[in-house]
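Colleague: sharing a model that was predicted from the sequence below.
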Amino acid sequence: MFMNGKYLGSAVLAAIVLLQGTVKGSERDGPASDPLDPTPYRLRSAQIGQRDLPTATGTEFNPAISVIVDFTYAHITEELDDPPGFDLGGHSHSHGHEHGHGIEEGFQLREVELTFTGTVDPYFDAMAMLGFSDHGVEIEEAFITTRMLPWGLQLKAGKFLSDVGYINKQHMHDWLFADAPWMREHLFGEEGLNEIGVQLSWLPPLDTYLRLGAEVLQGESEGVANYIGPGRHEIVTLLPDTAGAPERNRWRADNGLSEKEGPRLFTGFAKMAPDIGMSHALQFGVFGGYSRAFQQEETHSSGRLETWDGDTWFGGVDAVYKYDGQGAMGHRNFVLQAEYMQRRLSLDYRSQQFADASNFVTTDANKQTWTQDGLYVQGVYGFAPRWNAGLRFDALGLTNDGYEGRGTPESFDASYRYTGQVSYAPTEFSRLRLQTSYTNMASDGHDHSDSWMIALQYNISLGVHGAHAF
Amino acid sequence: MKKILMIITVVFLAVTAHARLRVAATLPNMGMLAREIGGDAVTVRVMSPPDRDAHYLDARPSVMVALRRADIVVSVGAELEIGWLPAAIQGANNRRVQPGRPGYFEAARKVELIGEGKPADRALGDVHPHGNPHIYMDPERMAAAGYALAERFGMLDRERADQFRANAARFAQQVAGRMDVWREQVKDSPGVVTFHEDIDYLPFALGVPVHGYIEPLPGIPPTARHLRDLVSDLSGRQGVIWTVDFQDGAAGEYLSRHLDWPAVQLPSQVPIDGVAEAYFAMIDAWVKTLVAAE
């Protein structure tokens, strides 16, 4: 139905175009030439409408608005839990059941994203992105960037996706696959490293691209900076009273976690790109970060509370190569990108049990160092105009040192995922993608479980086309 | 100490006073214009090669390198570079080239555009609400933009403002001379069909009829139905089929076979270091195809 409409539109427009072509052609016979007139040019320019409009690209005070809608249908053979080493605190979110961008079984309107961008005044640009989903409205990003700092400096402040690595700061519609690489999802958090804070970046005036940056962030991302803070742990039990009727017993004690005011997370990154010609682009990055706080807790129905409280270091490298194949609509373009990162959690572990209704006694305590890593490699090639196909390899927990039970060191297995996608983009405003993946996920002990997923994604953008950052 | 400071100051002033303006040009044609207007008072770095569609470029890191140290960015504007230039400027951390500053120049803002005020409706394809941005295919519009660029260069380097104006006048003079010749050459030309609404600026400027476009809508690749429509509408008439080097030539060849019109595929940009001569040669190559078709 939609297609018919389009063809009808094409026919009408073709007619209009033909009509305009001939009308304009006759209208626009240039001014007659006069060999005796030596400097007629300014006059002629005036005739073709020389003028001087201000250069602001025009939205007449309104911010540029775009709406992105993402719709998926998926079939997943087996819903898998997070792999060991990445499920600290029993925090097992079958992907997407929270408010991330995971793909769920069946039809799913993953997100409606509303983006506003504009120039605030001569000093600041701003952007705000609101995500509407079944889980409500969420501010995905809302930040300002400076326009007028000297010496190649730029400051960014607000809520934003950190610039560490390559894929972290990309939004769902920029991904070359329907979902995010595991590295972003499991090592940073469901929504990547998306934090409130400030970023300072510097481009030295060199002939080679170098960008250095540092960020001071609140520290909330669950993969590297999960924060709970001091609070009460409470459970309620029902026991028969002397007459056998249920009586409520309230058990309540301090969780023992330390208080750490934000900002808790500090990151740094460097990106370097040699100039390798107009058809190629290559960028390497290194990044790292430290979080003053990483806290996690797991509650048991027995009343026991396990807590982990410490800090985190993380670091990684990223590389991306892009080839501009000069074909129509992405034909022959090629992108190869890879990232690796590792995190190290240094934690005080405590297992506490109620001594009475309002006090804990520590039953086990030790120091734990958890080390996990993850990587992905992906390549996408435009095999025809409007079409591309890509493969992605994800590995999680190649190094995967953690603890079992109440403090037995354990090296968990690695998990792997293999993904392929084919996508068709009729214009740059809409895209249809078919993706399939096979997951081999480590589970407790040295078992593995597998799962297949097949997903169909439809992603559209309405309104202003935002420029794509590299 | 005072003496040393003074010497340093004098040397610094001397150096900066005679420093060349650093220009980052989005396309080779804009680089050409900057070289013509700036002469030896500017150094020009062109950010994209001639054989690429300016709609679909990337904000590559080397583009940001060019913008980082530029005193002025010279662009076509009217949203032609909207897919990459705003992101590149934001990533270049250079306050001199921010939109609204003298170091941000859009040529299309200085001349009237074809198709201004058309409905901004994407059902009509990838339309540019400000009008057709590809003004570089009209030498007279380029000359007009040259005058505006001379004023802008003059704001950034006041001592040489008159030199820039003289350069603009000289370029316009050259254009005027050529346009007279070209108009005379094509006055009986039966017309053209172009692939996209880009190079049609040239036939409009020369008074040559434009019979249609190979794309059914701007940015939408040709469909079989649209090509058949073109063939049935245009059969029995005369003309030339124009496709730019980076566009798909197959549809033009199809029309050529069915209409028995010559199909040509030529560059619409000068070589990356091109000056006016290269620009006139590029335009002349297109004009020649009209002359041959008469």
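Modeller: The structure has been received and is ready for your questions.
Colleague: show me what contacts A:G85?
Modeller: Neighbour list for A:G85: A:370, A:372, A:397, A:400-402, A:412 [criterion: CB atoms under 8 Å, 6 or more residues apart in numbering or on different chains]. The C-beta positions use only the backbone N, C-alpha and C, and glycine is treated the same way.
Colleague: list the helices and strands the longest strand along chain A packs on?
Modeller: Secondary structure of chain A per DSSP state E: the longest strand is strand A:359-384. The helices and strands touching strand A:359-384, judged by 3 or more CB pairs under 8 Å, 6 or more residues apart in numbering or on different chains; DSSP states H and E, are strand A:246-254, strand A:334-356, strand A:387-404.
Colleague: circling back: out of the contacts of A:G85, who's nearest chain B?
Modeller: Proximity of the contacts of A:G85 to chain B was ranked by CB to the nearest CB; the top entry is A:Q372 with 30.7 Å.
Colleague: and for that closest one, the neighbour number?
Modeller: Applying other CB atoms under 10 Å in any protein chain shown, we find 27 residues neighbouring A:Q372.
Colleague: how about the contacts made by it?
Modeller: Applying CB under 8 Å, 6+ apart, the residues near A:Q372 are A:85-86, A:186-187, A:342-343, A:396-397, A:399-402.
Colleague: quick one on the thing from earlier: the longest strand of chain A pairs with which strands?
Modeller: Note on strand A:359-384: by DSSP bridges, its sheet partners are strand A:334-356 (antiparallel), strand A:387-404 (antiparallel).
Colleague: out of those strands, nearest to A:S451?
Modeller: A:S451 lies closest, by CB to CB, to one member of those: strand A:387-404, at 13.0 Å.
Colleague: and the residue in chain B that chain A sits nearest to, how many neighbours?
Modeller: In chain B, the residue that lies nearest chain A is B:E112 (2.8 Å; CB to the nearest CB). The tally of other residues near B:E112 (other CB under 10 Å) stands at 15.
Colleague: so the residue lying closest to B:D53 once chain neighbours are set aside, which state does it fall into?
Modeller: Leaving aside its chain neighbours, B:D53 sits nearest to B:F246 (5.2 Å; criterion: CB to CB, 6 or more residues apart in numbering or on different chains). Using DSSP: H, G, I helix; E, B strand; the rest coil, the structure places B:F246 in coil.
Colleague: B:F246 reaches A:Q326, doesn't it?
Modeller: Yes: B:F246 is within contact range of A:Q326, at 6.1 Å (criterion: CB atoms under 8 Å).
Colleague: ok, residue 263 - contacts?
Modeller: Using chain A here. Here A:P263 is in contact with A:197, A:216-219 (criterion: CB under 8 Å, 6+ apart).
Colleague: you looked at the wrong chain, it should be chain B
Modeller: If you count contacts by CB under 8 Å, 6+ apart, then B:A263 has B:240-241, B:243, B:249, B:252-253, B:255-256 around it.
Colleague: and the residue of chain B closest to chain A, which helix or strand is it part of?
Modeller: Using DSSP states H and E, B:E112 sits within no helix or strand.
Colleague: mind listing the helices for the chain?
Modeller: Defaulting to chain A. With helices called from DSSP state H, chain A shows them at A:2-27, A:41-47, A:182.
Colleague: was after chain B, sorry
Modeller: B:2-17, B:28-38, B:61-68, B:85-91, B:139-156, B:161-185, B:201-206, B:224-234, B:250-259, B:276-293.
Colleague: dump the strands paired with strand A:359-384 to JSON lines, plus mean pLDDT, mean neighbour count and distance to A:I76.
Modeller: Shown next, in JSON lines, are the strands paired with strand A:359-384 (pLDDT from 0 to 100; neighbours: other CB atoms under 10 Å in any protein chain shown; distance: least, CB to CB, whole Å):
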{"stretch": "strand A:334-356", "mean pLDDT": "94", "mean neighbour count": "19", "distance to A:I76": "25"}
{"stretch": "strand A:387-404", "mean pLDDT": "95", "mean neighbour count": "19", "distance to A:I76": "16"}
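Colleague: tabulate those in a markdown table, adding columns for distance to B:D233.
Modeller: As requested, the strands paired with strand A:359-384 are arranged in a markdown table below (distance: least, CB to CB, whole Å):
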| stretch | distance to B:D233 |
| --- | --- |
| strand A:334-356 | 39 |
| strand A:387-404 | 30 |
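Colleague: tell me the phi and psi of the nearest residue to A:G118 once chain neighbours are set aside?
Modeller: Leaving aside its chain neighbours, A:G118 sits nearest to A:P63 (3.5 Å; criterion: CB to CB, 6+ apart). Here is the backbone geometry of A:P63 (degrees, to the nearest 10): phi -70, psi 150.
Colleague: what of A:D241?
Modeller: The phi/psi pair for A:D241 (degrees, to the nearest 10) is phi -80, psi -170.
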